[in-house]
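Colleague: need coordinates for the following:
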Amino acid sequence: GASTRRKGSTGVKSCRKWRGLAGKSVTDCVSILLTCTRKWQFFGATLFEVQANSDSKEIWLAINEDGVSLLDHTTMQVSERYPYPSIVTFGGCQEDFMLVVTSPDRQSTDSITTQKLLFETTKPKILEITLLIADYMNMMGQLLPLTQKSTTASRVHSRSVSRSRLTASNLTVVN
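Modeller: Down below sits the predicted model:
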């Protein structure tokens, strides 16, 4: 199908780039690769291939210190960006990963809309995504002013309990 054609096209492009490195040393090739990847805005982010339940499209969920971003599966362009303060709740919801976010209403400057997003992926990935977002949010909570720390403390505790349960169950997360 279309996905196979895209992968084939990407493979051809990769082969052309690869041939362009002919004659260069391994050190030069590594340097070129690292220079290119460091320029990408999601360098250092963790990417998860998921299926958006709203339209059944495969997308990338990019999670980093700035928040959660939805990327087009083929072009890797950002379609939506959700900074952590806009995330109301998140986690497993039956067989899906759920992300509830707030955003300014595009039709009214005074109101805020809440949106529930569902993404289909495996249970180990749901757990990995949930724990990663929790880690980032807890890290951010530690950086908040003192008045907001009391609400953050319960999240830090619940995260440590989750990690001990994960370790105790000997669950292996497979990429």
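Colleague: where do the strands sit along this protein?
Modeller: For the chain, the strands defined by DSSP state E occupy 46-52, 58-64, 67-72, 78-83, 87-93, 96-104, 112-120.
Colleague: report the mean per-residue pLDDT for the second one.
Modeller: Strand 58-64 shows a mean pLDDT of 97 in the predicted model.
Colleague: cool, the third one as well?
Modeller: Here the mean pLDDT over strand 67-72 is 96, rounded to a whole number.
Colleague: can you list the strands that it pairs with?
Modeller: Using DSSP bridges, the strands paired with strand 67-72 are strand 58-64 (antiparallel), strand 78-83 (antiparallel).
Colleague: so which of the ones you listed is nearest A45?
Modeller: With respect to A45, and counting by C-beta to C-beta, the nearest of the strands paired with strand 67-72 is strand 58-64 at 3.7 Å. For the C-beta atoms, the positions are set from N, CA and C on the backbone; glycine is no exception.
Colleague: now do that closest one and strand 96-104, the angle between them.
Modeller: On the basis of axes from the mean of the first three to the mean of the last three C-alpha atoms, to 10 degrees, strand 58-64 is oriented at 70 degrees to strand 96-104.
Colleague: how far off centre is strand 58-64?
Modeller: 4 Å (C-alpha atoms, centre = their mean, to the nearest Å).
Colleague: now it: buried residues?
Modeller: Across strand 58-64, burial judged by 16 or more other C-beta atoms under 10 Å covers 59-64.
Colleague: pull the CA atoms of stretch 81-94 into CSV?
Modeller: Provided in CSV are the C-alpha atoms of stretch 81-94 (Å, rounded to 0.1, in the frame of the first residue of the first chain):
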residue,chain,number,x,y,z
ARG,A,81,2.2,20.5,20.3
TYR,A,82,1.1,20.2,24.0
PRO,A,83,3.3,21.8,26.6
TYR,A,84,3.1,20.0,30.0
PRO,A,85,1.0,22.8,31.7
SER,A,86,-1.7,22.1,29.1
ILE,A,87,-1.9,18.4,30.0
VAL,A,88,-4.8,17.7,32.3
THR,A,89,-4.4,14.0,32.6
PHE,A,90,-2.8,11.0,30.8
GLY,A,91,-2.4,7.3,31.0
GLY,A,92,-3.9,4.0,29.9
CYS,A,93,-7.5,4.0,28.9
GLN,A,94,-8.6,0.4,28.2
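Colleague: outside of that stretch, which residues touch it?
Modeller: Stretch 81-94 is touched from outside by 66-70, 97-103, 114, 118, 123, 126-127, 129-130, 133, 136-137, 140, with contacts defined as C-beta atoms under 8 Å, 6 or more residues apart in numbering.
Colleague: save the strands of the chain as CSV, and put in distance to K17 too.
Modeller: Converted to CSV, those look like this (distance: least, C-beta to C-beta, whole Å):
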stretch, distance to K17
strand 46-52, 20
strand 58-64, 21
strand 67-72, 20
strand 78-83, 23
strand 87-93, 36
strand 96-104, 33
strand 112-120, 31
